[in-house]
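J.: Got a sequence here, can you model it:
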Amino acid sequence: MQDVFTTTSLIPFTEGLDDALFHNLNQFLDEDVFTEFVSKDLQKADTKEGRRNLIIEAVGGLYGIGEEQVNKIVEAIDMKAQHVQKISAGEYGTQEQYIGGGKSVSRNEQLKQSVDILLGLRLGAVLIPGAPKGDFNKIANYLERALQKEFTVGAKPDPMMTENQE
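T.: Predicted coordinates:
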C-alpha cells in the first residue's frame, strides 16, 4: 500500500520524509497500516535523545553514518559483555533489557553464538574494506530483532548467563 502511494505520488518525497509521513499516519490512525518501509528508528524519535540521534543520522552526512555505526557496535559489545540489549520504550526512552537462554545450556550456547555473529557483522560493516555494508547491516538488524524476540528475559540478568560467562 505504501509502495503504491510513493510510486504514484506526484510530489517527490525523500526517503526520510516519506518514512516520517507514514509514521505520523500510523500514529494518527493508532494502527500500523503503513509498515512496508517505515523505519523502526522513527519509534525512537519519541524521546529527546531519540530525536537528536535521528536528526544526526538522517542529515548529518558522513558524521551521521559514523555515529549510527558506532552506536550499533557499542550496543553489540554491551550485548556480548553484559548480556544487555537496549530497547526503545517510546516516550520513556530506551530501556535496558537482559537477554538469556534460561536453564537450557543449548539455548545459552545458541545465544552466545548469535551475539558473536552480530558483533562480527557490526565490526565487519565498518572495518572490512569493500564489504557489502548494506547487507551486513540488514542481516545484523534482523538478528538483533530476533534476539530481542527470542531471548529477552526482563529487567534482571539471567543467572545462567552470569554463571556461564566466559
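J.: SS state for the residue most central in space within the chain?
T.: For the chain, the residue lying nearest the average C-alpha position, counting by C-alpha atoms, centre = their mean, turns out to be residue 141 (5.5 Å). When states are read from DSSP: H, G, I helix; E, B strand; the rest coil, the local structure at residue 141 comes out as helix.
J.: Quick check on residue 86: phi, psi?
T.: Comment: the main-chain dihedrals of residue 86 come out as phi -90, psi 130, following degrees, to the nearest 10.
J.: so how far is residue 119 from the closest residue in space to it that isn't next to it in sequence?
T.: In space, and not counting its chain neighbours, residue 86 is closest to residue 94: 4.7 Å by C-beta to C-beta, 6 or more residues apart in numbering. C-betas here are computed from N, CA, C, even on glycine. From residue 94 across to residue 119, the span is 19 Å (C-beta to C-beta, to the nearest Å).
J.: just to revisit the earlier point, ok, how many other residues are close to the residue nearest to residue 86?
T.: Neighbourhood size, residue 94 [other C-beta atoms under 10 Å]: 17.
J.: Quick check, it in contact with residue 87.
T.: Yes - at 6.6 Å, residue 94 counts as touching residue 87 under the criterion of C-beta atoms under 8 Å.
J.: helices and strands around the host helix or strand of residue 70, which ones?
T.: Using DSSP states H and E, the element containing residue 70 is helix 61-82. With contacts defined as 3 or more C-beta pairs under 8 Å, 6 or more residues apart in numbering; DSSP states H and E, helix 61-82 has these neighbours: helix 48-59, strand 84-88, helix 105-127, helix 133-151.
J.: Let me have these in a markdown table, adding distance to residue 10 as columns.
T.: Conversion of the helices and strands packed on helix 61-82 to a markdown table gives the following (distance: least, C-beta to C-beta, whole Å):
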| stretch | distance to residue 10 |
| --- | --- |
| helix 48-59 | 24 |
| strand 84-88 | 34 |
| helix 105-127 | 37 |
| helix 133-151 | 29 |
